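Q: Let me see the structure of the following:
(one chain, ligands or ions: 3)
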Amino acid sequence: MDGVTVINHPLVQHKLTIMRKKETSTAGFRRLLREISTLLCYEVTRDLEITYEEIETPITTMQSPILEGKKLVFASILRAGNGLLEGMLDLVPSARVSHIGVYRDHETLKPVEYYFKAPEDIDERLVIVVDPMLATGNSSIAAIDKLKERGAKNIRFLCLLAAPEGIRNFHEFHPDVPIFTASIDSHLDENGYIVPGLGDAGDRMYGTK
Ligand SMILES: O=P(O)(O)OC[C@H]1O[C@H](OP(=O)(O)OP(=O)(O)O)[C@H](O)[C@@H]1O
Ligand SMILES: O=c1cc[nH]c(=O)[nH]1
Ligand SMILES: [Mg+2]
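A: Ligands and ions are numbered 1, 2, ... in the order given. Okay, here's the model as predicted:
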């Protein structure tokens, strides 16, 4: 699918299988989400620009590559986005962080916004928006609308599971934002849940159901 990168790495797919199982515990789910997010982070940052700095090894000096983590913003869509955020920050501790509070109304499936915080100079940074689930796409579309209103220009979206309906909706509103996902699932059910999916990511992470 155009504009979508599916991260097929065997370790990602294996961990995702365990996360999907309904008998996986809250603690197990949370640990796996953190682990898988480091692997997804590796892929979503694969083509980032590196610069060089002069360093001294015990033997000699050299120009050595570095990634300027400070130029990155990880934008977490609450709550479930925080599960991906933690592992990403393990790999890029100097990244800046944005929190976007959005939940979807269970009846209408429309996004309800309740919080927004982002670095002032977000227009100069690459923003990687994270949320495990792209279902109808309404939540991620609203979050990215908000980031763009604040000036963000260079944005990527990273999730664990995406539904084809959600991808189409997302592309309509944000054709400039590439999607990275571990899986494109089959479809949405009548309640807007991803099938086969993994259930409600926030509830599974935090044990709220
Ligand atoms: O693509 P959509 O149809 O908008 O659905 C996806 C959204 O639903 C879930 O959040 P939820 O509303 O359950 O909020 P929570 O993380 O606070 O539980 C998920 O983490 C996404 O943010
Ligand atoms: O399947 C779904 C759809 C939306 N949000 C979730 O957490 N899971
Ligand atoms: Mg939820």
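
Q: what's the burial count for residue 150?
A: Using other Cβ atoms under 10 Å, residue 150 is surrounded by 15 other residues. Just so you know, the C-beta spots here come from the backbone N, C-alpha and C atoms, and that holds for glycine as well.

Q: That should have said residue 63, apologies.
A: 9.

Q: That one is in contact with residue 52, isn't it?
A: Yes: the criterion here is Cβ atoms under 8 Å, and residue 63 meets it with residue 52 at 4.3 Å.

Q: which neighbours do those two share?
A: With Cβ atoms under 8 Å, 6 or more residues apart in numbering applied, the contact sets of residue 63 and residue 52 do not overlap.

Q: Residue 67: neighbouring residues, count only.
A: Around residue 67 there are 15 residues (other Cβ under 10 Å).

Q: State the pLDDT value of it.
A: For residue 67, the pLDDT comes out at 92.

Q: ok, now the one 3 residues further on?
A: Each residue has a pLDDT score; the one for residue 70 is 76.

Q: quick one: secondary structure of it?
A: helix (DSSP: H, G, I helix; E, B strand; the rest coil).

Q: does the helix ranked longest in the chain come close to ligand 3?
A: Ranked by residue count and defined by DSSP state H, the top helix of the chain is helix 26-44. No: judged by Cβ under 5 Å from the ion, helix 26-44 stays clear of ligand 3, getting no closer than 12.7 Å.

Q: Heading C-terminal from that helix, find the next helix or strand.
A: The first helix or strand that comes after helix 26-44 along the chain, using DSSP states H and E, is strand 51-56.

Q: Just the CA atoms of that next one, as CSV, please.
A: Coordinates of each C-alpha in strand 51-56 appear next as CSV, following Å, rounded to 0.1, in the frame of the first residue of the first chain:
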residue,chain,number,x,y,z
THR,A,51,26.3,14.3,11.1
TYR,A,52,30.0,13.8,12.0
GLU,A,53,32.0,14.8,14.9
GLU,A,54,35.6,14.5,15.7
ILE,A,55,36.3,12.1,18.5
GLU,A,56,39.4,10.5,19.9
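
Q: For ligand 3, what is the nearest residue in the protein?
A: residue 202 (3.2 Å; Cβ to the ion).

Q: Does that residue touch residue 80 like I think?
A: Yes: judged on Cβ under 8 Å, residue 202 makes contact with residue 80 at a distance of 4.2 Å.

Q: Looking at those two, which is more packed in?
A: Neighbours per residue, other Cβ under 10 Å: of residue 202 and residue 80, the larger number sits with residue 80, 25 against 19.

Q: Which residues of this protein lie near ligand 2?
A: Applying Cβ under 6 Å from any ligand atom, one finds that the chain approaches ligand 2 through 133, 135, 192-194, 197, 200-202.

Q: out of those, who has the most neighbours?
A: Counting neighbours by other Cβ under 10 Å, the top entry in the residues of the chain next to ligand 2 is residue 133, with 28 neighbours.

Q: Could you pull up the residues touching that one?
A: Neighbours of residue 133 in contact, by Cβ under 8 Å, 6+ apart: 80, 159-161, 194, 197, 201.

Q: Quick check: bridge partners of it?
A: As for beta bridges, residue 133 partners with residue 161 under DSSP bridges.
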